[in-house]
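Enquirer: please find the sequence and the predicted model below.
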Amino acid sequence: MAYPKSITDTVEGMKKETSVTLGWDVVVNYTESDINNLLYETFKDKSKEQITEIKCKIKVLDITNPTNFIYIHYDFKLAAPLLNFNSRSAQGPSCNLTLPIIDGTVQPEGGEPAIIRPGRYSLVLGTLKLATAKGAADPDTKPYDDPFVIPDQGSKQGCVVIDLPTSRDLTVDIKVDKNSSIPEIPILDSFIPNVCLEIEKFFRVPDKAIRYEIARVKAIPPPSGTIQLKAISFRFHAFLPSESKNSNDAGVLTLFIQTRSVNHGRQKELATEWEYLWRNRLKCSPIPKDKTASIILSKDMIHEIVFKPAIEAKKFTGTLEDSKGSMKIKIDTGKTAERATVDNFVDAKLGRVRYSAEKVSVKLPPLVLTMSEHADAAVYTLAWEFDYTFEWVIQVLPAIGTPPAPTYGTVKATHTIPKDSNKHAKLVTFLDDYSFKLECSVSKDDWGDKFEADDPSGWEEWLGKSGVVPDWVKSLHFGLPNFELPLESVNFFLTTNLLFPDDKQVIDIDKTSGLHIPADLYLVGKVKTK
């Protein structure tokens, strides 16, 4: 089952995977409640093609004269539809629309009309096909399992639509709330199957090409000075937490978006794999409790568009490691740490003392930048370590007489980042509602060091070799490197504005919860109307 869990438990589940985007660059998830808010907003827009009223008539026997037939006329005035997703069938995802009947009349031929009052009847359109198109008015719809390529011209957008004209498995029903205090209308309740047949004919008429937009993906040119995730193509899936739908199940609309020039996203059996991932492996919803939307940014995409350009600009080389529970990048800086030969003379009471140590030059190994989750927050650690071995010598040089044998030793020095393994540095800063910046750096103060003396043998000790590291050796200056990786900010406005375009409705990202890194980058929030 894939029911919502706490953000902590959701992230813990996602840590089990190398990535949860199935190769897509961005995955955005919305709850049914968000889509119903969208349908309500659309319903208020009188310029849109809507189902606001349905008129039909049926022919029945005249109970006052059984040899005659009369017509009963039905005029249903409808409220905004409510959507709920169905379990996926072989034909793909589908949904039902429930439209409350809030007004209208039922009038037998030659008789008085009965007034329909709200609260008793609802029109239910079942097994409606979901597809993609350029918009609600576009008859050229594409099936859910074909990627929709955003056109370069015109509106530069693609939509997920409820496509009534191609819904061959459409069912029509009128649901009656038996617990309602509103009295029944016998000439409606008794003839519901007949009325539904006529309403179905209403939707089969070619000029009734009604489609509802439930999501929109636009290709917005990125502003200068920031990395914006510009959509190239997308697919979608309508997802339920359980295989067999329960009455309390709240579905999720998932959009799989390509933002890079090459689409790495899974195509074959995408819906099957997505459902299996959350129901069977992670056993949680992609949207945590108390949230209505989530955005998952592929770590492979973030590496390619954020880190790789910055690494190359510094003349470094970097590789994204195959890791679970984190985003791990190995970076070769090509840097060398050096210390010049030490040869110092210090005046003493009866002469001088000579302190000397070998020159050291070490080509640094790659460092490992790890971004992960710690205490419900995104943090980073830099692991960088190198070591070297050198000899030191102390020689007493008396003003008069023969110098004694020198004292010498061999030392292995190890320099390590992090100095404190319990230290976790903050990774992300939200610049505004739609962009964040990742920051990671190392200063010379972040290095820890360890010195280990080579234990002398008995013969070596007799010759003057020491098994102790003198303080002056530990304090020798060494050119420890720093590390900075200036990263462009990432603008994710596109991925918060897929339900209501033109800034009407966006995901309000929870900045307190922040950005999470179970492996991919994970943002959660609520959809709100401005």
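Expert: Done, it's in.
Enquirer: use CA for all of it now, contacts and neighbours both
Expert: Will do.
Enquirer: per-domain residue ranges of the chain.
Expert: Listed domain ranges for the chain are 7-297+492-529, 315-484 (source: automatic domain parsing).
Enquirer: buried deepest among those domains, which one?
Expert: With neighbours taken as mean count of other CA atoms under 10 Å, these reach their highest mean count in domain 7-297+492-529, at a mean of 19.
Enquirer: check the offset of that domain from the chain's centre.
Expert: Remark: domain 7-297+492-529 is offset 21 Å from the chain centroid, using CA atoms, centre = their mean, to the nearest Å.
Enquirer: in TSV, list the domains of the chain along with distance to residue 304 and mean pLDDT.
Expert: Putting the domains of the chain into TSV (distance: least, CA to CA, whole Å; pLDDT from 0 to 100) gives the following:
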stretch	distance to residue 304	mean pLDDT
domain 7-297+492-529	9	88
domain 315-484	9	89
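Enquirer: list the contacts of the nearest residue to residue 515 once chain neighbours are set aside.
Expert: Excluding its sequence neighbours, the residue lying closest to residue 515 (CA to CA, 6 or more residues apart in numbering) is residue 523, at 5.2 Å. Shown in contact with residue 523 (CA atoms under 8 Å, 6 or more residues apart in numbering): 294, 295, 296, 509, 510, 514, 515, 516.
Enquirer: so which of the domains of the chain gets nearest residue 306?
Expert: Ranking the domains of the chain by proximity to residue 306 (CA to CA) places domain 7-297+492-529 first, at 7.7 Å.
Enquirer: in this protein, which spans are helices?
Expert: In the chain, the helices defined using DSSP state H lie at 7-14, 32-44, 186-189, 192-204, 270-276, 299-302, 308-313, 458-462, 471-474, 493-496.
Enquirer: send the alpha carbons of the fifth one over as CSV?
Expert: I take that to be helix 270-276. Coordinates of each C-alpha in helix 270-276 appear next as CSV, following Å, rounded to 0.1, in the frame of the first residue of the first chain:
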residue,chain,number,x,y,z
LEU,A,270,6.2,3.3,-16.7
ALA,A,271,2.9,3.2,-14.8
THR,A,272,3.4,-0.3,-13.7
GLU,A,273,6.9,0.4,-12.3
TRP,A,274,5.8,3.6,-10.6
GLU,A,275,2.9,1.8,-8.8
TYR,A,276,5.2,-1.1,-7.8
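Enquirer: and the gap between the closest residue to residue 176 other than its chain neighbours and residue 192?
Expert: Of all residues not flanking residue 176 in the chain, residue 121 sits nearest, at 4.9 Å (CA to CA, 6+ apart). Plainly put, residue 121 is 11 Å away from residue 192 if you go by CA to CA, to the nearest Å.
Enquirer: can you list residues touching both of those two?
Expert: What both residue 121 and residue 192 touch, as defined by CA under 8 Å, 6+ apart, is the set residue 174.
Enquirer: hang on, the earlier thing: kindly reformat the domains of the chain as TSV containing distance to residue 308.
Expert: Below are those laid out as TSV (distance: least, CA to CA, whole Å):
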stretch	distance to residue 308
domain 7-297+492-529	13
domain 315-484	7
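Enquirer: so which of the ones you listed gets nearest residue 307?
Expert: Nearest to residue 307 among the domains of the chain is domain 315-484; the distance by CA to CA comes to 8.5 Å.
Enquirer: and the closest one, how far apart are its ends?
Expert: End-to-end distance for domain 315-484, by CA to CA: 12 Å.
Enquirer: export the helices of the chain to a markdown table and tack on distance to residue 176?
Expert: Putting the helices of the chain into a markdown table (distance: least, CA to CA, whole Å) gives the following:
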| stretch | distance to residue 176 |
| --- | --- |
| helix 7-14 | 39 |
| helix 32-44 | 21 |
| helix 186-189 | 8 |
| helix 192-204 | 10 |
| helix 270-276 | 33 |
| helix 299-302 | 49 |
| helix 308-313 | 60 |
| helix 458-462 | 99 |
| helix 471-474 | 85 |
| helix 493-496 | 38 |
